[in-house]
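1. Just need the structure, nothing else, for what follows:
(chains A and B)
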Amino acid sequence: MKVLLPVFGALVVSLGAVAHAATDDGLSEQIRQLKSEALDLNRDLTLLERELLYASPQTSIFVSVDVGTPIRLVDINLTIDGEHVGYHFYSDQEFEALTKGGIQRLYTGNLTSGRHVLEATITGYDPQGKDYQKTTTHTFTKGAGRKMLEMQVVDDLNNQQHKFEFREWNQQ
Amino acid sequence: MMPAPLQRWLLAVCLTTGVSSVQAAKVEFFDDIDTGPQQLDVEQHRYLAFGEVMYDYYRQANFSAINQLLVNQQNDLFNQDTDYAELLLGDLYVTYGLPDKAEVIFNRLLEKDILSRTRAQTWLHKAALHYREGNLVDAAMILDSDKVKGLEPDDEARRRLMLANITMADGDFAGALDYLHSVPLDTDEGRYATYNMGVALIRGGHREQGIELLKSLLSAGGSSKQALALRDRAALASGLTELKEGNLESARSDLRHVRSDGPFSEDALLALGLANYRAGAVRKALPLWLEAVRRNSSHPSVQEAMMLAPRAYEELGGLPQALSGYQYAATQYREALKDIQRAMENIAQSGWADALLPEDINASGLLPANSDDMAQGGELSYLYKLFSSNTFAQRFEHYRQIHQILNMVEHWERSLPALQQSYQQQQASLSRNLPHVRGDLTHQMTRQEKLAAASDSLAASIPNYVDMSEPANVANAEQAIMWKKVDALTSQFGRIPGSSHDNALRLRRVRGLLLWDIAHQSVEQRQKQEQAANQLQEESRILAERIAAVSQQIRDATLRTRDDLGQRLAAQNARIQRIKQQTKETLSALERSMQADALALLRSNQQKLADQLAEAHLAIARLKDASVSGAQKQRKES
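-> Okay, here's the model as predicted:
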């Protein structure tokens, strides 16, 4: 059975626990340098872009959900003054990110000052997997400063569905 | 990647230090009170900004999470006092392969007077950094000291796992087992550590202990793809060890735990056949090897089985089947050699590494984007082998990240002209419109001030009681018209035709009825008037806000016409081009290095296949010779 011996070599499983630094120091250093420069470039260009696009105080709308909610948020549709401004379909990973306390910026833009009506429609699955849709409206006034609006999609445990709560901030 | 408990803890720290009081108060005590818009203070701003970072972090968009943190640092929202943001940035730097930057942050945190739990957490991060860098002594010194006292249970498990692995690398299996015993098997980390420990014990000569650990995984929980694959792997490793030791029944028992459609099923079929063969049950071994032969012919275990199946036929006296089996094996080996040749040619081509990248730019999975094509070409099984090498996997991870950088740089390269054009259009539009907008605004401000004064005056003039001496003031529109008519008739009565006594009485009755009617709804009417006045004041307030907003916009626009944003944007072009060039060079260097690894592996496989092909041909020749000499013998005898 000499022919059988090599089989063990092919089947041996590896012990891959500790990662060691690459030995090719030149390339590793080049990679580190490049990553660092890329992060700086991205940061600076993001800042420049924001400076250009949002010279005037912008309005931002954020979405958050109850941490550990048993209700699954599927998608969200957003209109401001009847005009569609945002839609997002949540992947499992994104929804999990929200349930762990992440906050998603759904909209940033230059709104005119004055009164505006925000309408949000969400689709969700209740804990039994049944789908439902809910719509809510919220009126807010945009003044001279930045406006931040957090839409909290919270559990309505009586109905086993979501409900909305809004928080608003003005920044001068 | 930071474990989930640490991530939750980070968020908790942020919330407790920042906004938890605000949140808790609202949710628990003032849920029904509409507090309306609030002024955005720095902690609330941090709450939103850090929430955004966490969203990116948890959806594994690490590059974006780092960018958010850096942008907020630049805006002074996060600084050296926001320990939670610092700690997260440090962890992200570690994950992103920038250990020097991470160490600076960890050292800075440790020099500060921070919460003991944050301190312990930071030390754990620092130890993890040493661990990743291969500085096991430094890592062990931290992990085994009081510096990491007071960790949360999940972090404590992480500490023990690292210590177990370090101790194991030193060959101190007893010490490693001590650390490992308290690590729960219901986590991926715990299961992997147990598996590694089991294999290391076996390799270190502690067979029984190693097998015991591996077998403990067979009944461990976890239903994820990863957990099931690890269970298969543990069953296979345990079964092979038992097989080597000659414990054939135990080997068979363990190998039967490997799923028939899992990633280790070919290896298990081969090994299970061997266990049967060694036990003398050749008839039982044969169908297992025949099943293996039907699988992917580029798999090394399948290639082994191709020679074993005809060997089993041979032993059972089925010489025609054996001959046919060897011939089939020879054909498949030749095909596999061609596949390897094709794979080598493919790998040697420029751009090969791009094909390995996952479709989702953020995904860190290692399955190539075009895995279906590669599976058909037989290339995939070699790649699995490659990716199981830590060095190759690390290089590929760098390649993926640098490729992500290239995408980012190309995005900015495309966006920059649009940004510059947008800036020029903005400038032109502002220069054209600003002068008359300024003039108009002054006029509108005067109008708004007058309106505000008038609405205030109106609101103030409404008494908070109903005075029927002026009925028109509390009448509705219809009543007011009627009252005006009745009043006019009364004042002109006697001078107009029909001013008789009867009509005077009739007019008085009408006046009285109308007064009663007005008085009857006067309270309601007054409320409406007050509401209207309030509404007017509210509208006036909003108009004032709009005037203020436009004034602010004019100031911002004026600054925009004088700023140097255009020059700063233009200056980025050279920077983008330089980094793009560096990115391409680095990608090429990484690809060359990955190609060399892949080609070395394929050459080794090629050599092995060539040996197997030679062996198959020898077996074919041997059987043919036996057949010829058998026939000659038969003829002689007849």
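
2. Do a quick rundown of the strands in the chain.
-> Using chain A here. Counting by DSSP state E, chain A has these strands, from start to end: A:59-65, A:72-80, A:83-89, A:104-109, A:114-125, A:131-142, A:146-156, A:161-171.

3. my bad, the chain I had in mind was chain B
-> Taking DSSP E as the criterion, chain B carries its strands at B:38-39.

4. low-confidence ranges in it?
-> When residues are selected by pLDDT under 70, those of chain B lie in B:1-35, B:360-381, B:631-632, B:634-638.

5. Show me the domain layout of it.
-> Following automatic domain parsing, chain B resolves into domains at B:186-317, B:435-568.

6. To A:G145, which of those lies closest?
-> Shortest separation from A:G145 across those is recorded for domain B:435-568, at 7.6 Å, computed as CB to CB. Bear in mind the C-beta positions are built from the backbone N, C-alpha and C, glycine included.

7. Please convert the domains of chain B to a markdown table, extending it with distance to B:I340 and mean neighbour count.
-> Formatted as a markdown table, the entries for the domains of chain B read as follows, by distance: least, CB to CB, whole Å; neighbours: other CB atoms under 10 Å in any protein chain shown:
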| stretch | distance to B:I340 | mean neighbour count |
| --- | --- | --- |
| domain B:186-317 | 8 | 20 |
| domain B:435-568 | 54 | 14 |
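
8. These into JSON lines, with extra columns for distance to chain A?
-> As requested, the domains of chain B are exported to JSON lines (distance: least, CB to the nearest CB, whole Å):
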{"stretch": "domain B:186-317", "distance to chain A": "4"}
{"stretch": "domain B:435-568", "distance to chain A": "3"}
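
9. wait, which of those domains is closest to A:Q152?
-> Of the domains of chain B, the one closest to A:Q152 (CB to CB) turns out to be domain B:435-568, at 25.5 Å.

10. and the longest helix seen in chain A, what's its mean pLDDT?
-> Determined from DSSP state H, the single longest helix within chain A is helix A:25-53. Averaged across helix A:25-53, the pLDDT comes to 91.

11. Show me what it packs onto, helices and strands only.
-> The elements that helix A:25-53 packs onto, with contact taken as 3 or more CB pairs under 8 Å, 6 or more residues apart in numbering or on different chains; DSSP states H and E, are helix B:62-74, helix B:390-461, helix B:565-637.

12. was I right about B:L515 contacting B:E470?
-> No - at 11.6 Å, B:L515 and B:E470 do not qualify as touching, with contact defined as CB atoms under 8 Å.

13. So for B:L201, what's the nearest residue that isn't a sequence neighbour?
-> With CB to CB, 6 or more residues apart in numbering or on different chains as the criterion, B:L201 has its nearest non-adjacent residue at 3.3 Å, and that residue is B:G210.

14. And B:T82, by the same measure?
-> Among residues not flanking B:T82 along the chain, B:R46 sits closest, at 6.6 Å (CB to CB, 6+ apart).

15. What about that neighbour, how many residues nearby?
-> Other residues near B:R46 number 20, with proximity taken as other CB atoms under 10 Å in any protein chain shown.

16. so how far is chain A from it?
-> Taking CB to the nearest CB, to the nearest Å as the measure, B:R46 and chain A are separated by 11 Å.

17. My guess is that residue contacts B:D76. True?
-> No - taking contact to mean CB under 8 Å, the distance of 10.9 Å between B:R46 and B:D76 leaves them out of contact.

18. Can you list the low-confidence ranges for chain A?
-> Confidence mapping of chain A against pLDDT under 70 gives the ranges A:1-25.

19. Let's see that with 80 instead.
-> A:1-25, A:55-56, A:68, A:157-162, A:172 (pLDDT under 80).

20. Grab the most central residue of it for me.
-> In chain A, the C-alpha closest to the average C-alpha coordinate belongs to A:Q104, at a distance of 3.8 Å (CA atoms, centre = their mean).

21. Can you name the residues bridging to that one?
-> Beta-bridge pairing for A:Q104 (DSSP bridges): A:V63.

22. Let me see the contact set for it.
-> Under the criterion of CB atoms under 8 Å, 6 or more residues apart in numbering or on different chains, the neighbours of A:Q104 are A:62-64, A:88, A:94, A:97-98, B:52, B:55.

23. Show me which of the residues you listed are buried.
-> Applying a neighbour-count criterion of 16 or more other CB atoms under 10 Å in any protein chain shown, the buried members of the contacts of A:Q104 are A:62-64, A:94, A:97-98, B:52, B:55.

24. Let me know whether the residue nearest to B:L201 touches B:A200 as I believe.
-> Yes - using CB under 8 Å, B:G210 is in contact with B:A200, at 7.4 Å.

25. what's near enough to touch residue 37?
-> All of this is about chain A. By CB under 8 Å, 6+ apart, A:E37 lies in contact with B:579, B:582.

26. Let me rephrase: I mean chain B.
-> A:140-141, A:147, A:168-170.

27. Now render those residues as TSV, adding distance to chain B and neighbour count.
-> Compiled in TSV, these are given as follows (distance: CB to the nearest CB, whole Å; neighbours: other CB atoms under 10 Å in any protein chain shown):
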residue	distance to chain B	neighbour count
A:F140	7	20
A:T141	6	18
A:K147	8	23
A:E168	4	16
A:W169	4	20
A:N170	5	20
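
28. With respect to B:K101, which of these is nearest?
-> Checking the contacts of B:P37 against B:K101 by CB to CB gives A:W169 as the nearest, at 32.2 Å.

29. Can you give me the distance of the closest residue in space to that closest one that isn't next to it in sequence to A:K142?
-> Beyond its immediate neighbours in the sequence, the residue positioned closest to A:W169 (CB to CB, 6+ apart) is B:L40, lying 3.7 Å away. In this structure, B:L40 and A:K142 are separated by 13 Å, where distance is defined by CB to CB, to the nearest Å.
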